[in-house]
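1. Here is a sequence together with a model predicted from it:
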Amino acid sequence: MRAVLMRRHGGPEVLESVDVPTPQLGAGQILVDVAAVGVNFADVYQRQGVPSYAGNLPAVPGQEGAGTVAGIGPGVDGFAMGDRVAWVSVPGGYAEQAAIPAERAVPVPEEVDFRVAAAAMMQGLTAHYLSHTTHPVASGEPVVVHAAAGGVGGLLTQLVKLRGGVVLGTTSSDRKAELARQAGADHVARYDTFLDTVRKVTDGAGAAVVYDGVGRATFDDSLAALRPRGLLVAYGASSGPVPPLETERLAAGGSLYLTRPTLPQHIGSRAELLARAADVFGWIAAGRLSIRIGATYPLADASRAHADLEGRRTSGKSLLLPG
């Protein structure tokens with residue numbers, strides 16, 4: 001089968017399209033004919049050799065995807081040949097076939113296209129835990145969503161609206177502001193003016209929660225935008241890591257809360273993974289959650305997909321299509 005192999009760390013050129021043996025299934029695994037696989041910055045970091053992402057080489061990148069069950073390993077129950085499945089936080093997706101731990105595979109409804117399913121896993125489940133677990137948004141609550149036109153931000157905006165929250169979304173351009181409004185943002189502001197907008201919208205009270213995937217560039221104003229006992233959810237750092245924080249700043253801001261959540265701890269059990277995926281796919285099938293796919297590439301063009309992602313030349317989710 002064909003796969004994208006990375007023998008060394010470096011630029012997009014290190015991603016090679018090669019012939020490799022079909023994966024041999026171990027106990028508890030299923031073989032999947034991959035229909036679509038998501039391209040994420042985590043894959044870029046792995047390719048670059050960022051320590052917390054690098055792993056061992058050679059390696060096949062890719063952490064999320066969707067496809068059809070083509071083989072069932074020993075000890076697997078609950079799956080049949082031809083089942084439609086998706087997965088996330090499982091390596092090896094940049095390939096025509098992938099061996100997936102059965103306990104990490106979730107069913108994909110017939111109403112949900114494989115491309116949409118692959119695009120929804122990492123970002124959709126992230127938006128789910130942020131809005132339903134990290135801070136279960138209440139009806140009428142003022143909420144700041146940074147990068148509201150982005151992959152997670154756009155889905156998070158939609159889910160906050162499903163829960164009845166009032167979204168103030170931040171963006172960097174007029175085009176992205178329109179995308180944020182299409183996702184349901186009630187108010188849209190630029191990063192350098194959102195604090196004034198929050199104060200105006202809330203009559204000076206502040207936001208109940210700020211979802212911040214930007215990091216260094218927005219962190220200080222995110223803290224300042226909170227109401228007393230408000231929560232800053234720092235779930236990413238696209239502008240760079242946040243400098244060390246003196247905890248007294250949380251006291252001075254009004255007994256503020258700060259958390260740094262990640263997806264793996266919110267889908268750690270199979271029950272939690274299935275529940276979140278069922279919600280996300282159910283909303284998609286019902287037309288209540290929209291997934292924006294920005295670009296698709298043949299598997300052999302993985303290097304171009306990475307270059308476009310790093311160069312910010314895409315809007316919406318990027319996918320590789322092995323078929």
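-> Structure's in. What do you need?

2. which secondary structure elements does whichever strand in the chain runs longest contact?
-> The strand spanning the most residues in the chain, taking DSSP state E as the definition, is strand 29-39. Judged by 3 or more CB pairs under 8 Å, 6 or more residues apart in numbering; DSSP states H and E, the packing partners of strand 29-39 are strand 64-72, strand 84-88, strand 97-101, helix 114-129, helix 302-310, strand 317-321. Bear in mind the C-beta positions are built from the backbone N, C-alpha and C, glycine included.

3. got those as CSV, with mean neighbour count and mean pLDDT columns?
-> CSV is the format used below for the helices and strands packed on strand 29-39 (neighbours: other CB atoms under 10 Å; pLDDT from 0 to 100):
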stretch, mean neighbour count, mean pLDDT
strand 64-72, 23, 98
strand 84-88, 25, 98
strand 97-101, 22, 98
helix 114-129, 26, 98
helix 302-310, 20, 94
strand 317-321, 23, 96
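
4. got the CA positions of the longest strand of the chain in CSV?
-> Provided in CSV are the C-alpha atoms of strand 29-39 (Å, rounded to 0.1, in the frame of the first residue of the first chain):
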residue,chain,number,x,y,z
GLN,A,29,-6.8,-3.8,16.4
ILE,A,30,-8.9,-3.3,13.3
LEU,A,31,-7.6,-2.6,9.8
VAL,A,32,-9.2,0.4,8.1
ASP,A,33,-9.3,1.4,4.4
VAL,A,34,-8.6,5.1,4.9
ALA,A,35,-11.0,7.4,3.1
ALA,A,36,-9.8,10.7,4.5
VAL,A,37,-7.3,11.9,7.0
GLY,A,38,-7.0,15.3,8.8
VAL,A,39,-3.9,17.5,8.4
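
5. Past that strand, which element shows up next along the chain?
-> The helix or strand immediately downstream of strand 29-39 is helix 41-48, counting by DSSP states H and E.

6. Please identify the buried residues of that next one?
-> Using 16 or more other CB atoms under 10 Å as the test for burial, helix 41-48 gives 42-44, 46-48.

7. nearest to Val198, of those residues?
-> Set against Val198, the nearest of those by CB to CB is Ala42 (30.3 Å).

8. if we can go back for a sec, if I take the longest strand of the chain and strand 84-88, what angle do their directions form?
-> In terms of direction (axes from the mean of the first three to the mean of the last three CA atoms, to 10 degrees), strand 29-39 departs from strand 84-88 by 70 degrees.

9. partners of strand 29-39 in the sheet?
-> Here strand 29-39 has these sheet partners by DSSP bridges: strand 64-72 (antiparallel), strand 97-101 (antiparallel), strand 317-321 (antiparallel).
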